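S.K.: Here is my input, please return the structure:
(one chain, ligands or ions: 1)
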Amino acid sequence: MTMTTASIDRLVVGISGASGVIYGIRLLEALKRLGIETHLVLSKAAETTLAHETELKPAVVRALASQVHAVGDPAAAPSSGSFRTDGMIVAPCSVKTLAEIATGATTNLLSRAADVTLKERRRLVLLVRETPLHAGHLRNMLTVTEMGAIVAPPVPAFYARPASLDAMVDHTIGRVLDLFGLDAGLAHRWDPKGRAG
Ligand SMILES: Cc1cc2nc3c(=O)[nH]c(=O)nc-3n(C[C@H](O)[C@H](O)[C@H](O)COP(=O)(O)O)c2cc1C
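M.R.: Below you'll find the predicted structure:
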């Protein structure tokens, strides 16, 4: 398995309350394997989706991160641009958190850390998960894109012929890591001569 870490040392990971908490979990696991320092902010709603979608307790997810910051703590390290990071990933990203990032009207540490990431011109990747979408959602996605964020909805790639939900999630996380020049060996690479290998 190929594993590359580019020059990425420290990332902020936000897990919001959109469906697909597993994306955040897989991301933390992959970053841990890659030896990247992670700073986790888990929203209150994410604790609810965690309970609905998995058998895991929040403590188990928190244990995957190098450091955990309370979502209600406005003074935590990622709330300041002077805290150096190589970027932030919100996986999954709710349309509520997307809206806060798009407007800059941040109400918690998760959206504040994303706002800081943008103002410092660092890479921000948002796995926005909602369907269907109204014009406000689409406008917010355009707005954050214009501000420098990358909107990367967790849409399955069927060319990878995923045999399981795990494989589908892994491929998406692999492609998100690609955006940071990281390779945890999760993404199936397209091979035009045959099926994805
Ligand atoms: C089981 C469950 C699934 C949800 N799925 C989504 C979703 O896919 N997308 C979304 O934007 N919100 C979804 N929500 C609603 C968000 O949790 C809610 O808007 C919340 O206020 C988001 O807060 P946060 O962004 O601070 O985590 C879901 C809620 C629950 C309980």
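
S.K.: Check H188 and give its pLDDT.
M.R.: pLDDT recorded at H188 is 88.

S.K.: Now it: phi and psi?
M.R.: phi -80, psi 130 (degrees, to the nearest 10).

S.K.: cool, A63 as well?
M.R.: Main-chain torsions, A63, degrees, to the nearest 10: phi -70, psi -20.

S.K.: G14 touches P92, doesn't it?
M.R.: No - in this structure G14 lies outside contact range of P92 using Cβ atoms under 8 Å: 9.5 Å. All C-beta atoms are positioned from the backbone trio N, CA, C, and that covers glycine.

S.K.: For this structure, which segments are assigned as helices?
M.R.: Secondary structure of the chain (DSSP state H): helices located at 21-33, 44-53, 58-62, 95-103, 109-119, 135-146, 165-178.

S.K.: so of those helices, which one's packed in deepest?
M.R.: helix 109-119 (a mean of 24; mean count of other Cβ atoms under 10 Å).

S.K.: which residues sit against it?
M.R.: Applying Cβ atoms under 8 Å, 6 or more residues apart in numbering, the contact partners of helix 109-119 are 12, 14, 16, 41, 43, 69-74, 76, 78-81, 85, 87-88, 90, 97, 100-101, 104, 106, 123-124, 126, 144, 147-149.

S.K.: who touches whatever residue of the chain ends up closest to the ligand in this structure?
M.R.: Relative to the ligand, the nearest point of the chain is G17 (2.8 Å; Cβ to the nearest ligand atom). Applying Cβ under 8 Å, 6+ apart, we find G17 in contact with S43, K44, A45, A46, T48, T49, S94, K96.

S.K.: 6 Å instead, please
M.R.: S43, A45, A46, T49, S94 (Cβ atoms under 6 Å, 6 or more residues apart in numbering).

S.K.: any idea how far the nearest residue to it once chain neighbours are set aside is from K32?
M.R.: In space, and not counting its chain neighbours, G17 is closest to A45: 2.3 Å by Cβ to Cβ, 6 or more residues apart in numbering. Distance, A45 to K32, by Cβ to Cβ, to the nearest Å: 24 Å.

S.K.: now S43
M.R.: 21 Å.

S.K.: now swap in I8 and tell me
M.R.: For I8, the distance to K32 - Cβ to Cβ - is 13 Å.

S.K.: can you list the residues of the chain near the ligand?
M.R.: 16-19, 43, 45-46, 48-49, 52, 94-97, 129-130 (Cβ under 6 Å from any ligand atom).

S.K.: 5 Å instead?
M.R.: By Cβ under 5 Å from any ligand atom, the residues of the chain that approach the ligand are 16-19, 43, 45, 48-49, 52, 94-97, 129-130.

S.K.: can you list the weak-confidence ranges in the chain?
M.R.: 1-6, 194-197 (pLDDT under 70).

S.K.: repeat that with 90
M.R.: 1-6, 159-160, 188, 190-197 (pLDDT under 90).

S.K.: Apart from its chain neighbours, what residue comes closest to F83?
M.R.: In space, and not counting its chain neighbours, F83 is closest to A77: 4.3 Å by Cβ to Cβ, 6+ apart.
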